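Visitor: this one's sequence-less:
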């Protein structure tokens, strides 16, 4: 083995640079004489989006598999803020020197603001729409809570609400809430249910884990309304991309991490374009990227209106 190899990380680590970054590291690790140690020099890197994060995670995995020591050197505050979102700053070995301590844009001396991966992230208009919509939605949830709770309890044993860990903006994990629509041991039974979708997604049209009340809740999308709480506290948005589970993200290639450049939404392109009829993960990615490219306040309002019509259209096939 060679002793040490240093890789200079580019100033901006977005999708094109991230793909090359991952390729370079993987080729080194799989070479006939791989190094015993690889150093990623982040001293010039001031911007990293979710694709860069995905490449870094992929590189960390392969170096660990190959028994190669990995070190991140001189991580600038802007990049450190991104790593902190997912806790990677606690997992990856980081060596700092004076060059990495230069000040970055922040709201105060102790808080470094992660880079704006998409214009929607720091849009106060979008956030205002989310807060107003969430307050209205939680009011509706409060009215419907008692009859839904009674129906769930009469139908099957278990809690009324179901919280599942999902990945939000830049892969940050959060607990997404729903009215429980499955039996209590649904997660343990998942391996016994056939997946009818291609890629990381999971779905079965006749999933035996879904309860009778659960089928009604899903058909009417009432199971989703507790997520207004996730929107209110800023973990989700009214409109965005579908929040993936951590095991889905584990299977992502670098370009697919782009879907995490925006906050996940209660609704979005996937939901209004017939989500139950979409069977290919590439189509989900295409719709997520379409949302990012076309985003505007009016576009969000358009998707919200479409969602309302779809919810009341039993033949839409979206839910």
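Guide: Received it, and whenever you're ready, just let me know what you need. Every value quoted in this text rests on a predicted model; they were computed, and no experiment measured them.
Visitor: Run a quick neighbour tally on residue 192.
Guide: 8 (other Cβ atoms under 10 Å). All C-beta spots, glycine's among them, are computed from the backbone N, C-alpha and C.
Visitor: Now do the same for it: its pLDDT.
Guide: Listed pLDDT for residue 192 reads 80.
Visitor: which residues touch it?
Guide: With Cβ atoms under 8 Å, 6 or more residues apart in numbering as the criterion, no residue contacts residue 192.
Visitor: Residue 262 contacts residue 121, correct?
Guide: Yes: look at residue 262 against residue 121 with Cβ atoms under 8 Å: they come within range, at 6.8 Å.
Visitor: Who has more neighbours out of the two?
Guide: More crowded of residue 262 and residue 121, by other Cβ under 10 Å: residue 262, with 26 against 17.
Visitor: Dihedrals phi and psi, that one?
Guide: Note on residue 262: its backbone torsions stand at phi -120, psi 160 [degrees, to the nearest 10].
Visitor: Spatially nearest residue to it (excluding sequence neighbours)?
Guide: Distances taken as Cβ to Cβ, 6 or more residues apart in numbering put residue 118 closest to residue 262, at 4.8 Å, once the chain neighbours are dropped.
Visitor: ok, the one you found to residue 137 distance?
Guide: 23 Å (Cβ to Cβ, to the nearest Å).
Visitor: Now the common contact residues for residue 262 and residue 121.
Guide: residue 169.
Visitor: where along this protein do the strands fall?
Guide: 2-8, 12-13, 35-41, 47-48, 69-73, 94-95, 106-108, 111-112, 161-167, 173-179, 237-239, 265-267 (DSSP state E).
Visitor: contacting residues for residue 244?
Guide: 166-167, 200, 259-260.
Visitor: ok, back up a step: take the strands of the chain and lay them out in a markdown table including distance to residue 127 and mean neighbour count.
Guide: Formatted as a markdown table, those follow (distance: least, Cβ to Cβ, whole Å; neighbours: other Cβ atoms under 10 Å):
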| stretch | distance to residue 127 | mean neighbour count |
| --- | --- | --- |
| strand 2-8 | 37 | 12 |
| strand 12-13 | 26 | 20 |
| strand 35-41 | 34 | 18 |
| strand 47-48 | 22 | 24 |
| strand 69-73 | 32 | 18 |
| strand 94-95 | 32 | 15 |
| strand 106-108 | 15 | 9 |
| strand 111-112 | 17 | 14 |
| strand 161-167 | 20 | 18 |
| strand 173-179 | 16 | 19 |
| strand 237-239 | 8 | 28 |
| strand 265-267 | 13 | 26 |
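Visitor: which of the ones you listed has the lowest average pLDDT?
Guide: strand 106-108 (a mean of 47).
Visitor: quick one on the thing from earlier: for the contacts of residue 244, which one is nearest residue 143?
Guide: residue 166 (25.9 Å; Cβ to Cβ).
Visitor: Please name the bridge partners of the closest one.
Guide: Counting by DSSP bridges, residue 166 forms beta bridges with residue 174.
Visitor: That one reaches residue 177, doesn't it?
Guide: No: contact between residue 166 and residue 177 fails when scored by Cβ under 8 Å: they sit 10.2 Å apart.
Visitor: got the domain boundaries for the protein?
Guide: The chain breaks down by automatic domain parsing into domains covering 2-112, 124-311.
Visitor: Can you give me the first-to-last residue distance of the longest one?
Guide: Just to be clear, that refers to domain 124-311. Domain 124-311 has its terminal residues 28 Å apart, counting by Cα to Cα, to the nearest Å.
Visitor: and residue 23, how many residues sit next to it?
Guide: For residue 23, using other Cβ under 10 Å, the count is 12.
Visitor: Look up how far residue 132 lies from it.
Guide: 45 Å.
Visitor: Equivalent analysis for residue 124, please.
Guide: 12 Å.
Visitor: Can you give me every residue that contacts residue 148?
Guide: 160, 179, 217, 222.
Visitor: Nearest to residue 73 among the residues you listed?
Guide: Nearest member of those to residue 73, counting by Cβ to Cβ, is residue 179, at 47.8 Å.
Visitor: which residues touch the nearest residue to that closest one once chain neighbours are set aside?
Guide: Spatial nearest neighbour of residue 179, excluding adjacent residues (Cβ to Cβ, 6+ apart): residue 223 at 4.6 Å. By Cβ under 8 Å, 6+ apart, residue 223 lies in contact with 178-181, 214, 217.
Visitor: can you put those in TSV and add distance to residue 267?
Guide: Compiled in TSV, the contacts of residue 223 are given as follows (distance: Cβ to Cβ, whole Å):
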residue	distance to residue 267
178	14
179	17
180	21
181	18
214	20
217	16
